[in-house]
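okay, predicted coordinates and the sequence, questions at the end:
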Amino acid sequence: MTDDAISTPDAQTEQRKRGLDLMSQVYGWEMSDGPGLHFAHTADQLFAEVWSRPALSIRDRRLILLGALAASGQVDVAEIQAGAALGNEELTPEQLEEIALFLCYYVGWPLGTKMNMMFGQVISKYRKSQSRPG
């Protein structure tokens, strides 16, 4: 696919629809189409083609991504992934805490501790949202 085909805003392609659907599933909220070439590549390639491959589950991919984000110190992006994992019931609060401890040994105590602190905040928000009358 050429950059021109990816950035054409006129008609939403089947690939874009698949990408947006999977983005919505991964993040746990309705994802609408966005402008620009970066968004096009994210939806059309990363989600429609890579996240959708059958060899790994979304949970598997999220675990790998959390490790990569921890290793590179991208705690802010990991926060989005952790919240989505809880909301989609892919991971439990206890599993997130275990992941943080495990990561301490592989990415270093300071980064693992930052992840642990962030996971604690995400877990707290999640538990508050679960205790609200629906």
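Looks like it came in fine. Numbers count the residues shown, from 1 in each chain.

quick check, residue 26 in contact with residue 50.
No - the pair residue 26 / residue 50 is not scored as a contact, 11.3 Å apart, by CB atoms under 8 Å. All C-beta atoms are positioned from the backbone trio N, CA, C, and that covers glycine.

tell me which of these two has more neighbours.
Neighbour comparison, residue 26 and residue 50: the larger count goes to residue 26, with 21 against 12 (by other CB atoms under 10 Å).

residue boundaries of the helices in the protein?
With DSSP state H as the criterion, the chain has helices at 3-7, 14-27, 36-41, 58-71, 75-87, 93-107, 109-131.

which strands and helices lie in contact with the second one?
Other elements packing on helix 14-27 under the criterion 3 or more CB pairs under 8 Å, 6 or more residues apart in numbering; DSSP states H and E are helix 58-71, helix 75-87.

which of those helices sits most buried?
When you average the neighbours per residue for each of these (mean count of other CB atoms under 10 Å), helix 75-87 leads with a mean of 19.

for that one, packing partners?
Applying 3+ CB pairs under 8 Å, 6+ apart, one finds that helix 75-87 contacts helix 14-27, helix 58-71, helix 93-107, helix 109-131.

redo these as CSV? Include mean pLDDT.
As requested, the helices and strands packed on helix 75-87 are exported to CSV (pLDDT from 0 to 100):
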stretch, mean pLDDT
helix 14-27, 94
helix 58-71, 97
helix 93-107, 97
helix 109-131, 96
